[in-house]
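J.: sequence? don't have it. structure:
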């Protein structure tokens with residue numbers, strides 16, 4: 001096939017090995033510190049795991065959205081999303097430690113606790129460790145299958161330029177996005193909501209869906225801003241592409257805020273004994289400051305900054321906003337998980353930091369390896385030239 005190859009820059013190999021080394025070292029530190037106290041280690045591991053898993057799952061969703069809708073923004077980010085989705089096999093393997101630590105995370109794993117609680121007795125069939133692990137295996141099987149098929153057809157499209165592959169990816173993405181939403185909603189209930197098994201919210205899964213899409217898009221913007229500064233994408237990625245991504249980022253910020261506020265409003269106005277304690281645990285002591293910080297830095301500040309057209313067209317500026325959103329997403333996960341294990345107040349210890357860096361290093365190493373295996377742009381896509389030079393640029 002003639003034309004530019006858009007081969008990945010050789011520097012990706014260095015990024016991969018540095019990230020891998022940092023990941024192994026930090027993971028070793030987390031295990032060494034937390035080995036004597038599983039009650040500290042497993043909550044830290046759960047937090048770090050969801051921080052990085054969310055980017056991979058969000059990447060899979062945005063990849064399918066791009067196949068369904070097209071657009072220049074997707075041409076520039078498709079490989080990033082494919083690489084992000086390609087980390088899911090790694091995250092499936094990294095779930096194994098959590099499977100061995102369920103007893104340190106979920107109160108419903110203790111038979112005596114369940115039998116003494118009439119609410120938990122009603123949920124004991126669903127909330128049982130074997131069924132929990134089996135559901136998790138099904139979720140990952142579905143997500144990995146979707147990512148694998150999309151990557152396989154994308155590689156075939158690169159080789160042949162056959163438009164039939166674009167049609168196949170579009171058809172799979174339609175049903176796949178529905179499957180992704182359903183399975184991720186159930187996974188959110190299993191992994192996060194059941195930390196406090198008396199509590200329930202019908203909108204919680206959608207909040208997790210919105211947060212993962214937001215974190216994946218923010219990560220993609222940061223990566224693209226780095227790639228756009230060097231060959232082969234220097235001069236190919238234009239301000240209009242970042243402008244489109246900035247608009248999409250703004251939409252995700254508003255969507256997440258709408259869903260989160262809707263849940264708060266409905267539960268607070270209902271004032272039901274089964275629902276309101278979840279929020280009461282999160283507005284006491286230093287957790288109040290965390291809640292305020294999320295409202296300010298996960299919604300208000302990004303919302304105001306992303307209203308600026310000029311800021312969205314500058315790679316460094318939009319990347320800075322995206323980076324701040326990723327940090328705020330980590331704080332949001334601390335808010336979702338932390339009060340179950342530290343009800344007295346917000347705290348971050350060495351195990352938390354080491355776990356986030358350790359899993360993150362291994363995740364980035366896998367991501368860089370996936371990104372380096374393919375051209376940085378979908379060279380076989382018939383709409384590539386329209387994506388490089390959009391009509392509204």
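T.: Arrived safely, thanks for sending. Quick caveat, the model's predicted, so the values are computed rather than measured.
J.: thought residue 17 was touching residue 365?
T.: Yes. Assessed by CB atoms under 8 Å, residue 17 is found in contact with residue 365 at 7.4 Å. Every residue, glycine included, has its C-beta placed from N, CA and C.
J.: If you count surrounding residues, which of those two has more?
T.: With neighbours defined as other CB atoms under 10 Å, residue 17 and residue 365 compare such that residue 365 has more, 22 against 13.
J.: Run a quick neighbour tally on the closest residue to residue 230 other than its chain neighbours.
T.: Among residues not flanking residue 230 along the chain, residue 9 sits closest, at 5.8 Å (CB to CB, 6 or more residues apart in numbering). When neighbours are counted by other CB under 10 Å, residue 9 registers 16.
J.: Could you look up the SS state of residue 9?
T.: coil (DSSP: H, G, I helix; E, B strand; the rest coil).
J.: Wait, it touches residue 228, no?
T.: No. If you go by CB under 8 Å, residue 9 and residue 228 don't touch, sitting 11.5 Å apart.
J.: can you give me the strands for the stretch 201-350 of the chain?
T.: All residues of the stretch 201-350 of the chain lie outside strands when identified by DSSP state E, counting those that start in this stretch.
J.: need the helices for it, in chain order.
T.: Under the criterion DSSP state H, counting those that start in this stretch, helices of the stretch 201-350 of the chain are mapped to 204-227, 239-270, 276-280, 287-294, 301-305, 309-313, 315-337, 350-371.
J.: Format those helices as JSON lines; extra columns: distance to residue 343 and mean pLDDT.
T.: Shown next, in JSON lines, are these (distance: least, CB to CB, whole Å; pLDDT from 0 to 100):
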{"stretch": "helix 204-227", "distance to residue 343": "19", "mean pLDDT": "96"}
{"stretch": "helix 239-270", "distance to residue 343": "18", "mean pLDDT": "94"}
{"stretch": "helix 276-280", "distance to residue 343": "10", "mean pLDDT": "90"}
{"stretch": "helix 287-294", "distance to residue 343": "8", "mean pLDDT": "94"}
{"stretch": "helix 301-305", "distance to residue 343": "28", "mean pLDDT": "97"}
{"stretch": "helix 309-313", "distance to residue 343": "39", "mean pLDDT": "95"}
{"stretch": "helix 315-337", "distance to residue 343": "12", "mean pLDDT": "96"}
{"stretch": "helix 350-371", "distance to residue 343": "16", "mean pLDDT": "97"}
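J.: Most tightly packed of those helices?
T.: Highest mean neighbour count of these: helix 204-227, a mean of 24 (counted as mean count of other CB atoms under 10 Å).
J.: which strands and helices sit next to that one?
T.: For helix 204-227, the packing partners by 3 or more CB pairs under 8 Å, 6 or more residues apart in numbering; DSSP states H and E come out as helix 38-69, helix 72-85, helix 163-191, helix 239-270, helix 315-337.
J.: Among those helices, which comes closest to residue 4?
T.: Counting by CB to CB, residue 4 lies closest to helix 72-85 out of the helices and strands packed on helix 204-227; the figure is 13.1 Å.
J.: Quick check: mean pLDDT of that closest one?
T.: Helix 72-85 shows a mean pLDDT of 94.
J.: and it, what does it pack onto?
T.: Using 3+ CB pairs under 8 Å, 6+ apart: helix 72-85 touches helix 38-69, helix 129-160, helix 204-227, helix 239-270, helix 350-371, helix 384-388.
J.: Kindly check the end-to-end length of stretch 307-323 for me.
T.: End-to-end distance for stretch 307-323: 17 Å, by CA to CA, to the nearest Å.
J.: what residues are up against the closest residue to residue 143 other than its chain neighbours?
T.: Spatial nearest neighbour of residue 143, chain neighbours left out: residue 88 (5.3 Å); criterion: CB to CB, 6+ apart. Residues near residue 88 by CB atoms under 8 Å, 6 or more residues apart in numbering: 56, 57, 60, 140, 143, 144, 147.
J.: Just confirm residue 139 contacts residue 188, I think it does.
T.: No. Judged on CB under 8 Å, residue 139 makes no contact with residue 188 at a distance of 10.4 Å.
J.: re earlier: mind checking the backbone torsions on the residue nearest to residue 230?
T.: With angles defined as degrees, to the nearest 10, residue 9 sits at phi -70, psi 150.
J.: any idea how far it is from residue 15?
T.: 10 Å (CB to CB, to the nearest Å).
J.: Next: residue 291.
T.: According to CB to CB, residue 291 stands 35 Å off from residue 15.
J.: One more: residue 204?
T.: 35 Å.
J.: now residue 348
T.: 27 Å.
J.: same thing with residue 145?
T.: Per CB to CB, residue 145 is found 28 Å from residue 15.
J.: Equivalent analysis for residue 286, please.
T.: Distance, residue 286 to residue 15, using CB to CB: 36 Å.
J.: and if you look at residue 258?
T.: 36 Å.
J.: Nearest to residue 324, out of the helices and strands packed on helix 72-85?
T.: Closest to residue 324 of the helices and strands packed on helix 72-85 is helix 204-227 (CB to CB; 8.6 Å).
J.: how much distance is there from the closest one to the middle of the chain?
T.: Mean-position distance between helix 204-227 and its chain equals 6 Å (CA atoms, centre = their mean, to the nearest Å).
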